[in-house]
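Peer 1: Need a 3D model of the sequence below.
(one chain, ligands or ions: 1)
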Amino acid sequence: MAAKLIKGAEVAAQIRAELKQEVEELKAKHNIVPGLVTILVGQDPGSVSYVTAKQKTSHELGFYSIQDNQEPDITEAALLALLDKYNKDPKIHGILVQLPLPKHIDSNKVLYGINPDKDVDAFHPVNVGRILIGNYAFLPCTPAGCQELIYRAYGDPKGKEVVVVGRSNIVGKPMVAIMIQKRVGANATVTCVHTGTPKDKMIEHCRRADILIVAAGVPNYIQADWVKEGVCVIDVGVNRIGMTESGKAKLAGDVDFAAVSEKASFITPVPGGVGPMTITMLMKNTVMAAKLAAGLVKL
Ligand code: NAP
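Peer 2: Next up is the predicted model:
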């Protein structure tokens, strides 16, 4: 294999160590302890494991942390009232509502009920707008994790051709918005391709990429002859393609890893690439929210 593996767990551990030090300094110098509440409605096993991992990490970093479990039949009004309570709680800087929510609750209404300054997932329209304008505190966790991986492993993408495959609101679109910022770690020339792009054009765009970020949700989609020699590949895709003999889900990314890694200079594996970064970026946003609340950073 020619490509260097970008190991998400190692980069995530490095960022967590930096955050831990920042949390200690915030406490010592300003008496601030970042506070995070994770709200879980029902007991969906996938959601339980995500929330548990978020809580575990926030405890490890020294946050004030609350896990708020609600019954699956909680009304939308009661959930909004709960958000209002946390919106007003000065000890809580970040509010995360674990998705998906039960069908009787309008997820958008709930996400829009979070105070944008505590919206550590950065899904609130106010934060989406702030990002586009370039005056923001938080970035959505998965694309922010991709940016960190690129910056720390490959280098500054300034002036590079970045091609993003996919335009979802949680990955593709914010990825574009992040990489076009006039900032360190961005300032790239960005193209976004999607199902509206004719396939031959899509391949043409992918072949131009210095950095190719793929979030399509199609297993092993990107082929070796669609990329140029030396490309940096960030594979966001997580696709279940069967079961292992031990009964675990067998995962594949959106990139034909074996073939593409022969041509790439850097590549993220699946699993173990982008995945470990997402929770770490949530923690980074919570520290930022605490600094924002204290006036240590301003928008
Ligand atoms: P999504 O909401 O399904 O969006 C997929 C996007 O890819 C859409 O914009 C779609 O285009 C585009 N697309 C689909 N097929 C395509 C094709 N053949 N050619 C070009 N574009 C195509 O998915 P998502 O939430 O962005 O997630 C994408 C992948 O990343 C999934 O595998 C997901 O599991 C994974 N993911 C991983 C993490 C992590 O932490 N590692 C986090 C989030 C997501 P249209 O808009 O035209 O439909």
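
Peer 1: for the ligand, what are the nearby residues on this protein?
Peer 2: Proximity of the chain to the ligand, by CB under 6 Å from any ligand atom, involves residues 142, 165-168, 170-172, 193-196, 215-218, 236-239, 274-275, 278. From N, CA and C alone the C-beta is placed, and that goes for glycine too.

Peer 1: how about the residue of the chain most remote from its centre, what does it touch?
Peer 2: Most distant from the centre of the chain: E245, at 30.5 Å, with distances by CA atoms, centre = their mean. Residues near E245 by CB atoms under 8 Å, 6 or more residues apart in numbering: none.

Peer 1: That one should be in a strand, yeah?
Peer 2: No: under DSSP: H, G, I helix; E, B strand; the rest coil, E245 sits outside any strand and is assigned coil.

Peer 1: ok, so what distance separates it from A252?
Peer 2: Distance check for E245 against A252: by CB to CB, to the nearest Å, it reads 17 Å.

Peer 1: Repeat that for E60.
Peer 2: Distance from E60 to A252, by CB to CB: 30 Å.

Peer 1: Mind checking which of those two has more residues around it?
Peer 2: Between E60 and A252, A252 has the larger neighbour count (other CB atoms under 10 Å), namely 20 against 13.

Peer 1: and the closest residue to that one other than its chain neighbours, how many residues sit next to it?
Peer 2: Spatial nearest neighbour of A252, chain neighbours left out: P219 (4.2 Å); criterion: CB to CB, 6 or more residues apart in numbering. A total of 17 residues lie near P219 under the criterion other CB under 10 Å.

Peer 1: just checking, P219 touches D235?
Peer 2: No: taking contacts as CB atoms under 8 Å, P219 lies outside contact range of D235: 10.6 Å.

Peer 1: what residues are shared contacts of those two?
Peer 2: Counting by CB under 8 Å, 6+ apart, the contacts common to P219 and D235 are 253-254.

Peer 1: who's in contact with the residue in the stretch 1-150 of the chain that the ligand sits nearest to?
Peer 2: Residue nearest to the ligand within the stretch 1-150 of the chain: T142 (4.1 Å; CB to the nearest ligand atom). Contacts for T142 (CB under 8 Å, 6+ apart) come out as 170-171, 215, 236, 274, 277-278, 281.

Peer 1: For K20, state which of those residues is nearest.
Peer 2: Taking CB to CB as the measure, K20 lies nearest M281 of these, at 15.0 Å.

Peer 1: Where do the helices of the stretch 1-150 of the chain begin and end?
Peer 2: Ranges of helices in the stretch 1-150 of the chain, per DSSP state H, counting those that start in this stretch, are 8-30, 45-60, 76-88, 107-111, 125-133, 141-149.

Peer 1: I'd like these as a markdown table, with distance to A188 and mean pLDDT appended.
Peer 2: Listed next are the helices of the stretch 1-150 of the chain as a markdown table, based on distance: least, CB to CB, whole Å; pLDDT from 0 to 100:
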| stretch | distance to A188 | mean pLDDT |
| --- | --- | --- |
| helix 8-30 | 19 | 98 |
| helix 45-60 | 30 | 96 |
| helix 76-88 | 36 | 98 |
| helix 107-111 | 29 | 97 |
| helix 125-133 | 15 | 98 |
| helix 141-149 | 10 | 98 |
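
Peer 1: among these, which is the most enclosed?
Peer 2: helix 141-149 (a mean of 25; mean count of other CB atoms under 10 Å).

Peer 1: Just the CA atoms of that one, as PDB, please.
Peer 2: The C-alpha trace of helix 141-149 is given here as PDB (Å, rounded to 0.1, in the frame of the first residue of the first chain):
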ATOM      1  CA  CYS A 141     -18.700  17.600  14.400                       C
ATOM      2  CA  THR A 142     -18.200  15.200  11.500                       C
ATOM      3  CA  PRO A 143     -17.000  17.700   8.800                       C
ATOM      4  CA  ALA A 144     -15.000  19.500  11.500                       C
ATOM      5  CA  GLY A 145     -13.300  16.200  12.300                       C
ATOM      6  CA  CYS A 146     -12.500  15.800   8.600                       C
ATOM      7  CA  GLN A 147     -10.900  19.200   8.500                       C
ATOM      8  CA  GLU A 148      -8.700  18.400  11.500                       C
ATOM      9  CA  LEU A 149      -7.600  15.100   9.900                       C
END
